[in-house]
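Q: Generate coordinates for the sequence data below:
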Amino acid sequence: QVQLVESGGGLVQPGGSLRLSCAASGSIFSINAMGWYRQAAGKQRELVTVITSSGSTNYADSVKGRFTISRDNAKNTVYLQMNSLKPEDTAVYYCNIDAYARVRGLNRRTEVWGQGTQVTVSS
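A: Numbering: from 1, shown residues only. Okay, here's the model as predicted:
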């Protein structure tokens, strides 16, 4: 089974920074895309950013120039550096991966979600 463990959330003042981490573990053969989503209270989950296995990135317009996604393939870990945080960035942030792994006895493509980490931007 593949698991994701997120860390790095918390409370920060507007204009501050946070760095989220998400480490994948289990019988993983390869990881294609790794991404971050967020869900604010009363709203639908939305894509924040994604990074492919080749390092190509895509960002939501609302975070361009402020957030940076990166990955360490040797550690099966993805990071999200968040700078110039705004109150509207407040949400639960979820890590997501698209991987090829051994799941329930079968080698197959699988999508996995992290448990979520709260980010609160407030003075």
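Q: pLDDT (mean, whole number) over stretch 44-54?
A: Averaging pLDDT along stretch 44-54 yields 97.
Q: what's it in contact with?
A: The contact list for stretch 44-54 (C-beta atoms under 8 Å, 6 or more residues apart in numbering) reads 30-39, 57-60, 63, 67, 69-71, 73, 78, 80, 93-94. For glycine as for every other residue, the C-beta is placed from the backbone atoms N, C-alpha and C.
Q: and Lys75, how far is that from Ala23?
A: 7 Å (C-beta to C-beta, to the nearest Å).
Q: Who has more neighbours out of the two?
A: For Lys75 and Ala23, the more surrounded residue by other C-beta atoms under 10 Å is Ala23, and the numbers stand at 17 against 10.
Q: who's the residue lying closest to the more buried one once chain neighbours are set aside bridged to?
A: Distances taken as C-beta to C-beta, 6 or more residues apart in numbering place Thr77 nearest to Ala23, at 4.6 Å, with adjacent residues excluded. On the basis of DSSP bridges, Thr77 is bridged to Ala23, Asp72.
Q: Contacts only, for Thr77.
A: 21-24, 71.
Q: now do Gly8
A: 18-21, 80, 117.
Q: and the residue of the chain positioned farthest from its centre, what are its phi and psi?
A: Distance from the C-alpha centroid of the chain, by C-alpha atoms, centre = their mean, peaks at Gly105 (26.7 Å). With angles defined as degrees, to the nearest 10, Gly105 sits at phi 80, psi 0.
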